[in-house]
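A.B. asks: Model the structure of this input:
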Amino acid sequence: MMIFLVFIIIEPVSYLAFKYRYNWPVIENYKARLESVENYSFNEKLEVIMPITGTTIVHATPEFVDRFKINDYKGLGIFDDGVDNDKELYALLIGDSFTRGIGSKDNLLYGWVEIVERKIKKLDLLNLGYSGSGQIQQINFYNKIKKHFKHQIVLMNFTLGSDFRDNVEKYFDSNDYFARLPDSIDKNKFIRNVQYASNYRTSFHFLAFSPVRLYSVWSILAIYEKLISKHPPFSNIDKDLQQYSKVASMFNEKEIPASVKSLRRKKTVTQESPDGKFVYSFDPRLYQTSMGQIAERIAKHSAGIINAFFEHLRREKKHFILILHPSREQIYLNNFSKDTYNFDYARDKLKNYLNKNISLFDLTVPMRNAAKETNNPLYYRIDGHYTQEGYKIAANLICEFLLNDDFIKEHIVVNN
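C.D. replies: This is a model prediction of the structure:
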């Protein structure tokens, strides 16, 4: 009787706690993310992990849900509408989630890459915006796949903020790791095990797959996750993930030079904007006026990676374009905390160290000006990606820049 009384008290309280914390379809999206784990495979010929043609990759957050439809190009799955054979110029786009279109909800309709492609009719932009975290991984990815795709242009996207960090922290490359695994290991199964464990949440899993949804059990499992682990006890769900993470950590410790290790992030500042519209999370060293020397070294390191790649492409007769995507704090916090932070500092240093022959477009000031002209946010409140409005504005600005790029003007008659 006592157990029953406790249950009828705890169950409704737990239900209300769940609904208060998750006012979005979290369980449905959790199931979709787990299903997406099956939609990647390792291409043995190119030695890269690629999405599987004909599938849908789901990325879900409390603020938006992206559903990426995977199309085919020569047997490879791509986050793109495909390659048109009647174009005059072809560009490969490498970058991270801002290139892929995270936050656009449908990158084929609202991602900046497809918007630009629809505007410049004779230029085909192939979106490879899943090519790694930071330029080291992205360049490695490009070198593996470049012969598979016809192109005269390489368009690299640098995210001001996260790419600075990734370039000093992430030398380990998952594609190289899986390529070196012995033939006795099923690489596709290993990849899916790693992704499955990365997405797994014991409390969500119970609600998603239990025949009876007991929110009191969810609350107990949520406490267990917070205190112990997001994986169930006495299971091997995270066995491959632990092995993968250990190898990645050991590789980075061994391969990252000591001078670069000293630049790794020590802490993250999280704060709400004075107007309450956004919650920011950033590495203060990139902007803190008292830490200028560290920011300059971080910027110089990234510039060195990009400059070396530019010279490599020049020898291969490829035209290189670099686009700088601003972080949210650079757009909305620029007028605040000027005594403590200079949100342009690391960006300015990066530009100073970049080769002056690089065709460079910095979105920061144009996006900052655009933000003043609209009441619609260009970024999500918590997540740091562009909103659909942000992607639209970025696309228009990038389109204008590309139309005035000397190489593009020389090789095509622009048809808007």
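
A.B. asks: residues in contact with the residue most central in space within the chain?
C.D. replies: Taking Cα atoms, centre = their mean, the centroid of the chain lies closest to residue 97, which sits 2.9 Å from it. Residues counted as contacts of residue 97 (Cβ atoms under 8 Å, 6 or more residues apart in numbering) are 103, 129, 385. Quick note: C-beta positions are derived from backbone N, CA and C, even for glycine.

A.B. asks: Ramachandran coordinates for the second one?
C.D. replies: Which is residue 129. phi -80, psi 40 (degrees, to the nearest 10).

A.B. asks: Correct me if wrong: it contacts residue 157.
C.D. replies: Yes - with contacts counted by Cβ atoms under 8 Å, residue 129 reaches residue 157, the gap being 7.1 Å.

A.B. asks: if I look at those two, which residues touch both of them?
C.D. replies: Residues touching both residue 129 and residue 157 (Cβ under 8 Å, 6+ apart): 93, 94, 95, 96, 98, 99.

A.B. asks: Go through the residues you listed and say which is closest to residue 45.
C.D. replies: Of all the shared contacts of residue 129 and residue 157, residue 45 sits closest to residue 94, with 19.2 Å by Cβ to Cβ.

A.B. asks: residues touching that closest one, list them.
C.D. replies: 128, 129, 131, 132, 138, 139, 141, 142, 154, 155, 156, 157.

A.B. asks: Show me which pair in the residues you listed is furthest apart.
C.D. replies: Taking Cβ to Cβ, no two of the contacts of residue 94 sit farther apart than 132 and 155, at 15.2 Å.

A.B. asks: Pick out whichever of these two has more residues nearby.
C.D. replies: residue 155 (27 against 23; other Cβ atoms under 10 Å).

A.B. asks: Distance of that one relative to residue 106?
C.D. replies: 21 Å (Cβ to Cβ, to the nearest Å).

A.B. asks: same deal with residue 397?
C.D. replies: Taking Cβ to Cβ, one finds residue 397 at 21 Å from residue 106.

A.B. asks: neighbour-wise, which of those two wins?
C.D. replies: Comparing residue 397 with residue 106 by other Cβ under 10 Å, the one with more neighbours is residue 397, at 19 against 14.

A.B. asks: That one: what's its closest spatial neighbour, skipping adjacent residues?
C.D. replies: Computed as Cβ to Cβ, 6 or more residues apart in numbering, the closest residue to residue 397 that is not its neighbour in sequence is residue 366, at 4.9 Å.

A.B. asks: For the one you found, pull up the helix or strand it's in.
C.D. replies: If you go by DSSP states H and E, residue 366 is part of helix 364-372.

A.B. asks: Moving C-terminal from that helix, which element do we reach first?
C.D. replies: Following helix 364-372 toward the C-terminus (DSSP H and E): helix 388-403.

A.B. asks: would you list every one of the strands in this structure?
C.D. replies: 40-43, 48-51, 56-60, 65-69, 71-73, 76-78, 89-94, 123-128, 153-159, 269-272, 279-282, 319-325, 359-362 (DSSP state E).

A.B. asks: thinking residue 138 is in contact with residue 132, fair?
C.D. replies: Yes - look at residue 138 against residue 132 with Cβ under 8 Å: they come within range, at 4.5 Å.

A.B. asks: ok, how many other residues are close to the closest residue to residue 39 other than its chain neighbours?
C.D. replies: Nearest in space to residue 39, with sequence neighbours left out and distances taken as Cβ to Cβ, 6+ apart, is residue 55 at 3.8 Å. Using other Cβ under 10 Å, residue 55 has 17 neighbouring residues.

A.B. asks: Likewise for residue 165?
C.D. replies: Residue 165: 22 neighbours (other Cβ under 10 Å).

A.B. asks: Could you do residue 20 as well?
C.D. replies: For residue 20, the number of neighbouring residues by other Cβ under 10 Å comes to 8.

A.B. asks: Tell me, how many residues neighbour the nearest residue to residue 99 once chain neighbours are set aside?
C.D. replies: Spatial nearest neighbour of residue 99, chain neighbours left out: residue 129 (2.8 Å); criterion: Cβ to Cβ, 6+ apart. Other residues within reach of residue 129, judged by other Cβ under 10 Å, total 25.

A.B. asks: any idea how far residue 129 lies from residue 381?
C.D. replies: Applying Cβ to Cβ to residue 129 and residue 381 gives a distance of 23 Å.

A.B. asks: Same question for residue 363.
C.D. replies: 20 Å.

A.B. asks: and these two? which has more neighbours close in?
C.D. replies: More crowded of residue 363 and residue 381, by other Cβ under 10 Å: residue 363, with 23 against 17.

A.B. asks: That one against residue 324, yeah?
C.D. replies: Yes - using Cβ under 8 Å, residue 363 makes contact with residue 324 at a distance of 6.0 Å.
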